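Visitor: mind folding the following:
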Amino acid sequence: QVQLQESGPGLVKPSQTLSLTCTISGGSITVTNYYWTWIRQPPGKAAEWMGAISYDGSAYYSPSLKSRTSISRDTSKNQFTLQLTSVTPEDTAVYYCAAQPDAVSYNYWGQGTQVTVSS
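Guide: Purely as a prediction, here's the structure:
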């Protein structure tokens, strides 16, 4: 059974960089055709797809966040990482990592981690 676990600071100051890591267990980050995704849900708002890194290491980003987002991976640790620069209070959200076996479905999710941007 594949399990995903987010980790990172729960509080980030405005203008700083938010960095979260998703650790995959029970499966490989290089399994063919999978995309490893970051999604966030601000309070009272809909979930937002932020970006993904594919099984071969290609990264894809939401156009609205592309200028501030970077997703990378460490295959030796079976982890992928989100970095979001120049954060503001509007970036406060629950951040999830998830696995996509295709373009439209998700089959594994992390439990989510609350990140608050505040001074």
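Visitor: can I get stretch 3-17 in CSV, CA atoms only?
Guide: Listed next in CSV are the C-alpha coordinates belonging to stretch 3-17 (Å, rounded to 0.1, in the frame of the first residue of the first chain):
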residue,chain,number,x,y,z
GLN,A,3,1.5,6.0,1.6
LEU,A,4,2.4,9.7,1.3
GLN,A,5,3.5,11.9,4.2
GLU,A,6,4.0,15.7,4.0
SER,A,7,6.5,17.3,6.3
GLY,A,8,7.7,20.9,6.8
PRO,A,9,7.2,24.0,8.9
GLY,A,10,3.7,24.9,9.9
LEU,A,11,4.4,28.6,10.1
VAL,A,12,6.2,30.7,7.5
LYS,A,13,6.8,34.5,7.6
PRO,A,14,5.6,36.7,4.7
SER,A,15,8.2,37.1,1.9
GLN,A,16,9.9,33.9,2.9
THR,A,17,10.0,30.6,1.0
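Visitor: can you tell me what sits against that stretch?
Guide: Applying Cβ atoms under 8 Å, 6 or more residues apart in numbering, the contact partners of stretch 3-17 are 18-26, 83-89, 91, 95-99, 108-119. C-beta here means a position set from N, CA and C on the backbone, and glycine is covered the same way.
Visitor: against V115, how distant is the most centrally placed residue in the chain?
Guide: The chain has W38 as the residue nearest its centroid, 2.7 Å off, counting by Cα atoms, centre = their mean. Distance from W38 to V115, counting by Cβ to Cβ, to the nearest Å: 11 Å.
Visitor: now do K66
Guide: 19 Å.
Visitor: the two: which has the busier surroundings?
Guide: Comparing K66 with V115 by other Cβ atoms under 10 Å, the one with more neighbours is V115, at 22 against 13.
Visitor: how about the more buried one, secondary structure?
Guide: Classification of V115 using DSSP: H, G, I helix; E, B strand; the rest coil returns strand.
Visitor: list the contacts of the nearest residue to it once chain neighbours are set aside.
Guide: Spatial nearest neighbour of V115, excluding adjacent residues (Cβ to Cβ, 6 or more residues apart in numbering): Y95 at 5.5 Å. By Cβ under 8 Å, 6+ apart, the residues touching Y95 are E6, G8, L20, W38, I39, R40, L82, G112, T113, Q114, V115.
Visitor: understood, closing this out.
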